[in-house]
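Student: my questions concern the predicted model and sequence given below.
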Amino acid sequence: MMMIKRAGDDERFSGQKPQLTRPVDARRIARLFLPYWRQELVVLTCIVAAAVLGLAPAVLSKHLIDVSLAHRSAPGLTTDVALMIGAALLAALCGVAQGYFNSVVGQGIMRDLRVKLVTHLFAMPISFFTGTKTGKIMNRVTSDVDNVESVVTVTLSSVLTNLTIILSAVAAMLAISWKLSIVALIVLPLMVAPLFPVGKRMYTVKKATREKRDEMQGITQEALSISGITLVKSFVRAAFESTRYARLADELMKAEISLAMVGRWFMGLISAMVTIGPAIVWLAGGYLFLRGEISIGTIVAFVALLARLYGPASQLIGVQVQIVSALAVFERIFEYLDFVREPSGTRELTGDVAGKIGFENVSFSYVPERPALRDVDLTIEPGQVAALVGPSGAGKTTLTHLVSRFYDPQSGRVTIDGADVKEFDVESLRSHIGIVTQETYLFHDTIEANLRYANENATHEEIEAAARAANLLSFIESLPDGFKTVVGERGHKLSGGERQRLAIARVLLKNPQILILDEATSSLDSENEALIQAAFEKVMRGRTSLVIAHRLSTIISADVIFVVDGGRIVESGKHADLLARDGAYAQLYRTQFKSGSAPVRAPEPEREAETVAPNGRPMMKMKMRPAG
């Protein structure tokens with residue numbers, strides 16, 4: 001049995017040049033903290049205060065043993081204990097304040113990263129999304145940013161805290177006994193020596209686990225979406241997908257075990273040193289006591305301070321390993337933030353747009369050495385309805401993508417009103433273009449919300465007018481919740497024709513000067529298609545329209561027809577003229593109507609409906625009968 005291997009992300013389609021993996025610049029991470037320097041200052045103050053207060057039990061224990069107990073002083077004993085308790089309470093308060101402000105900083109940085117990452121992704125070109133699995137993108141936005149939380153809110157705070165505790169402990173130890181301090185500090189190099197190779201290994205394994213999670217997220221995103229699960233069930237591939245997921249889950253489990261086991265022997269050595277260190281100090285301190293050089297209280301206080309040296313040191317070393325592995329996560333986030341944004345011009349396309357479209361010697365390829373368009377020259381005059389016909393894969397949709405600037409040609413230029421579209425800001429350009437595609441996308445929201453996506457300031461009357469124009473109003477009014485009806489995931493609670501008419505109503509509500517209809521009536525039955533065609537005949541007046549259709553009945557009344565084949569314009573003209581030439585268009589026409597069926601005619605109109613655009617410009621005035 002042949003196993004089918006599904007392709008992963010292909011750099012040829014990603015629109016991005018492959019980038020070499022490079023170490024993350026620590027200064028770039030540090031810049032994330034700049035907006036929160038005030039909160040960080042409070043955190044640092046709390047850390048220092050808590051570290052100093054934490055020395056009180058060890059220092060006071062020396063006084064308690066050598067002075068208060070030695071002189072049998074009850075007031076001295078009470079004072080020493082009271083100071084210990086007070087220091088502990090104040091340190092606890094500092095810890096609470098530190099935790100609060102540390103959370104403010106950590107959550108703020110996570111919010112900033114999420115917003116920055118998503119905003120950057122919205123500015124990425126279409127080619128990036130066609131070449132990258134949705135699950136991989138979602139994993140960067142959610143899981144990777146969530147992994148940053150432990151670094152920002154716990155790890156970095158732990159570094160500052162432990163460093164402060166160690167420095168304060170060393171200062172107190174030197175003040176008590178420099179000889180014992182030397183003995184205690186000798187152990188530290190043994191704890192630090194294996195640090196860097198362990199950190200490097202953990203970085204590599206951590207990065208591998210993130211990649212496995214990307215693959216698993218990609219499977220669930222594809223196979224468990226409404227479209228994906230329908231495909232899985234219709235081809236009875238549930239067992240295949242489950243097996244594929246189980247294989248990746250097994251690989252992830254092994255990687256996670258490897259990650260958990262990295263440096264375990266190293267951490268075991270550190271734990272042993274935490275016990276061995278005080279034992280050595282007791283031995284050295286005991287000899288010094290027997291020689292009369294130090295007191296019992298000094299040894300006890302010193303051993304107590306060792307807990308504030310070895311404990312934080314072992315934690316700090318463990319944290320350093322975590323930081324090294326966390327750099328793999330930062331690298332993945334910064335990798336997306338470093339991708340080149342969608343190119344945009346600086347000129348605003350504002351005011352009255354005539355809508356003249358031109359292609360001047362345009363060539364374009366999605367994949368090198370496989371041109372989708374070759375030396376295309378065409379002109380569509382303002383207000384014309386231009387039909388694009390030809391076999392599948394001829395390049396019709398690509399032409400519309402270049403007008404909307406979803407892609408840029410490798411050579412030649414696309415113009416609107418004589419100006420290269422590259423000169424325009426992409427948002428201002430697309431605000432004048434309305435697109436209805438064959439694959440209608442609706443949000444899991446109400447009908448009204450999906451319509452308002454085109455114009456959030458539209459009045460209810462304008463929404464009703466757009467729905468009426470798309471022959472959808474009577475259907476909506478027949479629903480129990482009317483415009484408040486939730487359409488379901490990707491609109492799957494509606495029929496294909498209803499989804500497409502909703503998409504048409506949405507673009508009508510936008511009221512663009514340029515219309516692009518890519519198989520916009522392909523999912524409609526003959527009667528509704530005729531009604532929509534009749535509506536579009538009125539709507540397209542005064543607007544430049546590009547209509548793509550395999551049904552020639554939808555474009556025979558176009559002002560100009562462009563026949564596209566092999567990425568070239570092989571014929572252009574009106575329907576009758578092209579038939580008379582008996583060329584490529586005539587062949588398509590004979591193939592389309594070889595059964596002898598006549599073009600669909602609109603049914604007799606029954607009532608008048610006038611649609612007014614949001615800017616006050618009449619969109620149509622026509623007679624329609626309610627949808628059946």
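Tutor: Here it is on my side, so go on.
Student: number of nearby residues for Ala580?
Tutor: Residues lying near Ala580 (other CB atoms under 10 Å) number 11. (Glycine included, C-beta is placed from N, CA and C.)
Student: now do Glu489
Tutor: Around Glu489 there are 13 residues (other CB under 10 Å).
Student: report pLDDT for it.
Tutor: Listed pLDDT for Glu489 reads 75.
Student: likewise for Gly573?
Tutor: 92.
Student: could you do Leu546 as well?
Tutor: Confidence score, pLDDT, at Leu546: 91.
Student: which one is it nearest to, not counting chain neighbours?
Tutor: Once flanking residues are discounted, Leu546 sits nearest to Ile516: 4.9 Å by CB to CB, 6 or more residues apart in numbering.
Student: against Pro312, how distant is Ala91?
Tutor: 14 Å (CB to CB, to the nearest Å).
Student: check Gln513 too.
Tutor: 67 Å.
Student: which residue ranges form the helices in the stretch 351-500 of the chain?
Tutor: 396-403, 426-430, 447-452, 460-469, 473-478, 496-510 (DSSP state H, counting those that start in this stretch).
Student: tell me which of those lies nearest to Leu578.
Tutor: helix 396-403 (15.8 Å; CB to CB).
Student: by contact count, what packs against the closest one?
Tutor: Using 3 or more CB pairs under 8 Å, 6 or more residues apart in numbering; DSSP states H and E as the contact criterion, the elements in contact with helix 396-403 are strand 357-367, strand 370-380, strand 385-389, strand 411-416, strand 514-518, strand 544-548.
Student: 6 Å - rerun?
Tutor: Using 3 or more CB pairs under 6 Å, 6 or more residues apart in numbering; DSSP states H and E as the contact definition, helix 396-403 packs against no other helix or strand.
Student: can you give me the mean pLDDT across it?
Tutor: 92.
Student: put the alpha carbons of that helix into CSV.
Tutor: What follows is helix 396-403, C-alpha atoms only, in CSV (Å, rounded to 0.1, in the frame of the first residue of the first chain):
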residue,chain,number,x,y,z
LYS,A,396,-8.7,34.6,-15.1
THR,A,397,-8.7,34.8,-11.3
THR,A,398,-5.0,35.8,-11.3
LEU,A,399,-6.0,38.9,-13.4
THR,A,400,-8.4,40.0,-10.6
HIS,A,401,-5.9,39.3,-7.9
LEU,A,402,-3.5,41.7,-9.6
VAL,A,403,-6.2,44.4,-9.7
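Student: buried residues, that helix. List them.
Tutor: Lys396, Thr397, Thr398, Leu399, Thr400, His401, Leu402, Val403 (16 or more other CB atoms under 10 Å).
Student: check stretch 438-458 too.
Tutor: Neighbour-count burial for stretch 438-458, with 16+ other CB under 10 Å as criterion, is recorded at 438, 440, 442, 446-452, 454-455, 458.
Student: with stretch 84-94 instead?
Tutor: Quick answer for stretch 84-94 (16+ other CB under 10 Å): Met84, Ala87, Ala91, Cys94.
Student: how distant is it from the center of its chain?
Tutor: The chain centroid and the centroid of stretch 84-94 are separated by 44 Å under CA atoms, centre = their mean, to the nearest Å.
Student: which of the buried residues of stretch 438-458 lies closest to Ala386?
Tutor: Once CB to CB is applied, the member of the buried residues of stretch 438-458 that ends up nearest Ala386 is Gln438, at 18.0 Å.
Student: pLDDT wise, what is that closest one at?
Tutor: 73.
Student: in this structure it contacts Ile504, no?
Tutor: No. Judged on CB atoms under 6 Å, Gln438 makes no contact with Ile504 at a distance of 12.0 Å.
Student: roughly how far apart are the residue nearest to Gly383 when sequence neighbours are not counted and Thr379?
Tutor: Distances taken as CB to CB, 6+ apart put Gly542 closest to Gly383, at 5.5 Å, once the chain neighbours are dropped. From Gly542 across to Thr379, the span is 18 Å (CB to CB).
Student: flag the shaky bits of the stretch 301-450 of the chain, pLDDT-wise.
Tutor: Along the stretch 301-450 of the chain, the model assigns pLDDT under 70 to residues 314, 317-326, 328, 340, 351.
Student: swap in 80 and give it another go.
Tutor: Residue ranges of the stretch 301-450 of the chain with pLDDT under 80: 307-311, 313-329, 331-332, 339-346, 350-352, 368-369, 437-441.
Student: and the stretch 451-600 of the chain, by the same measure?
Tutor: Along the stretch 451-600 of the chain, the model assigns pLDDT under 80 to residues 470-471, 488-492, 495-497, 500, 519-542, 549-555, 557, 591-600.
Student: mind running it again at 70?
Tutor: 490, 520-539, 550-554, 592-600.
Student: what residues sit buried inside stretch 98-115?
Tutor: Gln98, Phe101, Asn102, Val104, Val105, Gly106, Gly108, Ile109, Met110, Leu113, Arg114.
Student: same check on stretch 464-476?
Tutor: Applying 16+ other CB under 10 Å to stretch 464-476 flags Glu464, Ala465, Ala466, Ala467, Arg468, Ala469, Ala470, Asn471, Leu472, Leu473, Phe475, Ile476 as buried.
Student: nearest to Arg430, of those residues?
Tutor: Using CB to CB, these come closest to Arg430 at Ala466, 18.8 Å.
Student: for the closest one, give me its contacts.
Tutor: Ala505, Leu508, Leu509 (CB atoms under 6 Å, 6 or more residues apart in numbering).
Student: again, only using 7 Å
Tutor: By CB atoms under 7 Å, 6 or more residues apart in numbering, Ala466 lies in contact with Leu451, Ala505, Leu508, Leu509, Thr611.
Student: skipping its backbone neighbours, what lies nearest the third one in space?
Tutor: So the one you mean is Leu508. Here the residue nearest Leu508, using CB to CB, 6+ apart, is Ala466, at 4.5 Å.
Student: distance of Gly86 relative to Pro75?
Tutor: For Gly86, the distance to Pro75 equals 16 Å [CB to CB].
Student: repeat that for Ile294.
Tutor: Using CB to CB, one obtains 26 Å as the distance from Ile294 to Pro75.
Student: same check, this time on Thr298
Tutor: For Thr298, the distance to Pro75 - CB to CB - is 23 Å.
Student: of the two, give the one with the bigger neighbour count.
Tutor: Neighbour count, other CB under 10 Å: between Thr298 and Pro75, Thr298 has more, with 19 against 8.
Student: doesn't Lys179 make contact with the more buried one?
Tutor: No. If you go by CB atoms under 7 Å, Thr298 and Lys179 don't touch, sitting 10.3 Å apart.
Student: about what we covered before: quick one: which of the helices of the stretch 351-500 of the chain is nearest Tyr585?
Tutor: With CB to CB, the closest approach to Tyr585 among the helices of the stretch 351-500 of the chain belongs to helix 396-403: 13.5 Å.
Student: relative to strand 370-380, how tilted is that closest one?
Tutor: Helix 396-403 runs at 70 degrees relative to strand 370-380, counting by axes from the mean of the first three to the mean of the last three CA atoms, to 10 degrees.
Student: any idea of the angle helix 396-403 forms with strand 385-389?
Tutor: Going by the same axes, to 10 degrees, helix 396-403 makes 140 degrees with strand 385-389.
Student: what comes into contact with helix 396-403?
Tutor: 357, 362, 364, 372-373, 388, 390, 407, 409, 414, 433, 516, 518, 546, 548, 564.
Student: which one of the residues you listed sits closest to Ala255?
Tutor: Using CB to CB, Tyr407 comes nearest to Ala255 of these, at 37.5 Å.
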